[in-house]
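Peer 1: Predicted model and sequence below, questions to follow.
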Amino acid sequence: MILETLKVAPDELLRRTGWEIKPQGACKAEICVPLPESVTTSGGLIDIEKLARRLAMPLVHEEAAGLWSLGPESGAKALTSATAPDFELPDWKGQPFRLSSLRGKKVLLVTWASW
Amino acid sequence: MWQALREELYPQGLEIVSVALDTLAEKALPFIEAANPAHPSLIDTAHRVDELFGFLNVPCAVWIDEQGVLVRPPETAWIRNTEDIKFGESVAKDVKVLYATINSRRYWDKYPAALRDWVANGAKSRYALTPEAVLARSQPRPVEEALGAAHFELGQHLYLQGLKDLAVEHFKQAHRLQPDNWTYRRQAWSMVNPQQGPTELYESDWLTDVRKIGAENYYAPLDMD
């Protein structure tokens, strides 16, 4: 997740990382990790540095561009759960497509590249 | 290839979603436009599905059931018969070995057959794995790998912003931290040299790295017997 600031809205965090902030902690599929109260700022934003430490998500800073990159949670497997991670990507005509829109069908998701 | 399978299996409840791992979307578009696919054909400039699912190479695929649960983790998904490809003398021996391995493993035979079995039989298919088996086969993600993903995302973002020198440094970090991720390496190499041969920017290149691991190990054997 590319960041220009280290305080982000919970819905933006969910959209880009799949981690949802709930009363019981940061949750993805059936997993919830308790969080210290200080992760949420008084303005309702998420303190990314504190969250990153708790979830073992690496945070890379590129000072010259004024950007941070938040990596995925680490320490176990690439798949946190067998529930397919949801995402939104543009299709080739530029229209947003969400994986979960195919719920109810079997799906084969295949990668390819031009290179 | 995928379109023919999609046409066959869509009426039985399967949708195919193809994801182009191309930071430069304009490179993928001509291929997609020529194919004019009926299925969702997405462009993933940041290689986000690598981070989300643990993809490391192309072509690789996952299977997801009607409830949104993975029944196959990322694995090689070759469905093109490569037996009839004739290589000229100038083609490197390693490339020939790579394709000979694909031929001998008969991915294109086994993979569609397994897919048809799953589409017909669902959870009763011998190819549908339990959630525990899917997680057991998922790639380990130590902190170095996660850090590599963060560097790659930053690299492609900077590249698209026109900050190419900065981008290269982050691509190099991604390559060092996720040495088994071919999509990160090939993406960066291809931006400098479309053939992914040696360049002044990167220490390695496609053929050199294929030789390092052995061409027969470029694609993992299909575990579908």
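Peer 2: Yep, it's here. Residues are numbered from 1 along each chain as shown, chains lettered A, B, ... in the order given.
Peer 1: can you list the residues that contact the helix or strand where B:Val119 lies?
Peer 2: Per DSSP states H and E, B:Val119 falls inside helix B:107-121. With CB atoms under 8 Å, 6 or more residues apart in numbering or on different chains as the test, helix B:107-121 has contacts from A:106, A:108, B:5, B:9, B:12-14, B:63, B:71, B:76-82, B:125-128, B:219, B:222, B:224-225. C-beta coordinates here come from the backbone N, C-alpha and C atoms, glycine included.
Peer 1: The helix or strand harbouring B:Val168 near chain A anywhere?
Peer 2: Element membership for B:Val168 (DSSP H and E) is helix B:164-177. Yes. Legend: contact between helix B:164-177 and chain A by CB under 8 Å from any CB of the partner chain is shown at B:Leu166, B:His170.
Peer 1: tell me what that helix is packed against?
Peer 2: The contact analysis (3 or more CB pairs under 8 Å, 6 or more residues apart in numbering or on different chains; DSSP states H and E) places helix B:164-177 against strand A:59-62, helix B:143-160, helix B:182-192.
Peer 1: Dig out what the residue nearest to B:His39 when sequence neighbours are not counted forms beta bridges with.
Peer 2: Nearest residue to B:His39 in three dimensions, chain neighbours excluded: B:Ile16, at 4.5 Å (CB to CB, 6 or more residues apart in numbering or on different chains). Under the criterion DSSP bridges, B:Ile16 forms beta bridges with A:Leu108.
Peer 1: how close does B:Ile16 get to B:Tyr107?
Peer 2: 17 Å (CB to CB, to the nearest Å).
Peer 1: With B:Trp118 instead?
Peer 2: 16 Å.
Peer 1: do B:Thr130 as well
Peer 2: B:Thr130 is 23 Å from B:Tyr107, by CB to CB.
Peer 1: now B:Ile64
Peer 2: For B:Ile64, the distance to B:Tyr107 - CB to CB - is 20 Å.
Peer 1: if we can go back for a sec, residues contacting the residue nearest to B:His39?
Peer 2: Contacts for B:Ile16 (CB under 8 Å, 6+ apart) come out as A:Val107, A:Leu108, A:Val110, B:Trp2, B:Leu5, B:Arg6, B:Leu9, B:Tyr10, B:His39, B:Pro40.
Peer 1: run the last query once more with 10 Å
Peer 2: By CB atoms under 10 Å, 6 or more residues apart in numbering or on different chains, the contact set of B:Ile16 is A:106-110, B:2-3, B:5-7, B:9-10, B:37-41, B:61, B:115.
Peer 1: What of B:Pro198?
Peer 2: Neighbouring residues of B:Pro198 by CB under 10 Å, 6+ apart: B:Trp189, B:Val192, B:Ser204, B:Asp205, B:Trp206, B:Leu207, B:Thr208.
Peer 1: Now, those residues that are in strands?
Peer 2: For the contacts of B:Pro198, not one is inside strands, with DSSP state E as the criterion.
Peer 1: Counting neighbours, which of those comes out on top?
Peer 2: Within these, most neighbours by other CB atoms under 10 Å in any protein chain shown means B:Trp189, with 24 neighbours.
Peer 1: Does it touch B:Asp205 like I think?
Peer 2: Yes. Counting by CB atoms under 10 Å, B:Asp205 is a contact partner of B:Trp189 at 5.9 Å.
Peer 1: So what are the structural domains in chain B, by residue number?
Peer 2: Chain B resolves into domains spanning B:2-80+B:106-137, B:143-212 when parsed by automatic domain parsing.
Peer 1: Mean pLDDT for those domains - can I get that in a markdown table?
Peer 2: Listed next are the domains of chain B as a markdown table, based on pLDDT from 0 to 100:
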| stretch | mean pLDDT |
| --- | --- |
| domain B:2-80+B:106-137 | 97 |
| domain B:143-212 | 96 |
